[in-house]
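A.B. asks: output the structure for:
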Amino acid sequence: MEEMVEAIQKLRIRGAPAIGICAAYCMYVLARSVEEAAPAAFQTRLRAHAALLKDARPTAVNLSWAVGEMLKTAEAHAAAPRSVLLDALYQKAVDIHQDDISKCRAISEYGLSLLKDGDGVLTHCNAGPLATSRYGTAQGPFLLAAERGMHIRVYADETRPLLQGARLTSYELHRAGVDVTLICDNMASMVMKNGWVQACFVGCDRIAANGDTANKIGTSGVAILAKHYGIPVYTLGPTSTVDLSCPDGDRIPIELRDPEEIRSLWYEKPMALPGVKCYNPAFDVTDHSLLAGIVTEKGICRPPFTESLAALFR
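C.D. replies: Model prediction:
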């Protein structure tokens with residue numbers, strides 16, 4: 001359990017869909033380790049494990065969603081022999097994994113429909129294969145475009161302070177043959193002003209019922225800049241990231257991380273004095289009014305999002 005929580009907290013596994021997939025497999029492994037034989041005691045211990053897993057990162061709703069799906073499966077087989085219950089949990093974890101692969105493909109197709117050959121797109125953080133199961137969400141359209149011979153120019157924010165854009169997004173896109181240019185976060189306004197960007201594609205860790213979207217810190221600033229320059233912003237993610245029980249972005253819990261990620265993580269020597277206070281939220285919330293659409297595996301939701309998101313689950 002300690003290794004699983006540490007892997008999620010320290011971002012050895014990161015990206016909302018990938019965290020959910022990881023959590024599903026973790027629940028299966030933890031179930032195998034439960035020694036209590038009595039059904040009630042087994043379920044109690046498994047729920048205790050689930051609570052610890054869900055607390056590892058509170059913002060990404062895929063984590064709690066996947067853990068919840070595994071708990072439902074365990075409860076549905078509570079009276080079954082242990083071997084049958086464990087088989088059911090394993091199959092559920094595999095189903096969650098395979099489901100994400102198909103969802104990523106569908107999201108990528110819908111996202112690509114918003115672009116034309118020669119477009120420039122700005123993206124923030126990392127929402128590609130390393131964060132999901134295959135193509136990714138916000139990066140998936142770029143990979144599909146490259147496979148089909150379309151030329152899409154991508155501007156990847158470095159994404160301070162953890163540099164997912166620099167370390168992961170630019171790596172994935174460059175390796176895939178996508179025309180990618182890495183920029184510092186504070187250069188986004190310049191490339192927009194220059195007319196090099198026709199859309200912004202970003203991922204999401206939680207989507208509230210009104211369309212407010214939590215994503216990596218800095219996403220809200222990108223959306224505000226894009227609004228000024230008349231550039232549409234789309235967030236791309238699976239329906240498992242939609243949290244209809246959360247009415248708006250004010251109710252999304254925001255994870256605060258270690259100040260050393262700002263002060264010293266990527267430097268040979270600390271760049272600030274030890275006594276300097278640091279504020280290090282992992283995410284911010286982009287207001288729904290800044291979004292042109294939310295791209296899911298079921299299609300593209302348009303404003304008003306309270307209606308279009310709810311329609312996904314009817």
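A.B. asks: who does Cys301 form a beta bridge with?
C.D. replies: For Cys301, the beta-bridge partners under DSSP bridges are Ile294.
A.B. asks: tally up the residues packed near it, please.
C.D. replies: 23 (other Cβ atoms under 10 Å). Where C-beta positions appear, they are placed from N, C-alpha and C, glycine not excepted.
A.B. asks: got the contact list for it?
C.D. replies: The contact partners of Cys301, taken as Cβ atoms under 8 Å, 6 or more residues apart in numbering, are 211, 293-295, 308-309, 311-312.
A.B. asks: if you rank these by neighbours, which is first?
C.D. replies: With neighbours taken as other Cβ under 10 Å, the top of the contacts of Cys301 is Val295, carrying 28 neighbours.
A.B. asks: quick one on the thing from earlier: which of the contacts of Cys301 sits closest to Lys72?
C.D. replies: Checking the contacts of Cys301 against Lys72 with Cβ to Cβ, the nearest one is Leu312 at 19.9 Å.
A.B. asks: Asp284 touches Asn215, doesn't it?
C.D. replies: Yes: counting by Cβ atoms under 8 Å, Asp284 touches Asn215, with 7.4 Å between them.
A.B. asks: for Ile254, phi and psi?
C.D. replies: Dihedral angles of Ile254 (phi, psi; degrees, to the nearest 10) stand at phi -110, psi 120.
A.B. asks: ok, Cys26 next?
C.D. replies: Residue torsions, per degrees, to the nearest 10, at Cys26 are phi -60, psi -40.
A.B. asks: more neighbours: which of Asp284 and Asn215?
C.D. replies: Legend: neighbour count by other Cβ under 10 Å for Asp284 and Asn215, higher for Asn215 (28 against 19).
A.B. asks: just checking: what are the partner strands of the host helix or strand of that one?
C.D. replies: Per DSSP states H and E, Asn215 falls inside strand 213-216. With DSSP bridges as the test, strand 213-216 is paired with strand 206-208 (antiparallel), strand 283-286 (antiparallel).
A.B. asks: most packed of the ones you listed?
C.D. replies: Stretch with highest mean neighbour count among those: strand 206-208 (a mean of 28; mean count of other Cβ atoms under 10 Å).
A.B. asks: show me what the mean pLDDT comes to for that strand.
C.D. replies: Across strand 206-208, pLDDT averages out at 97.
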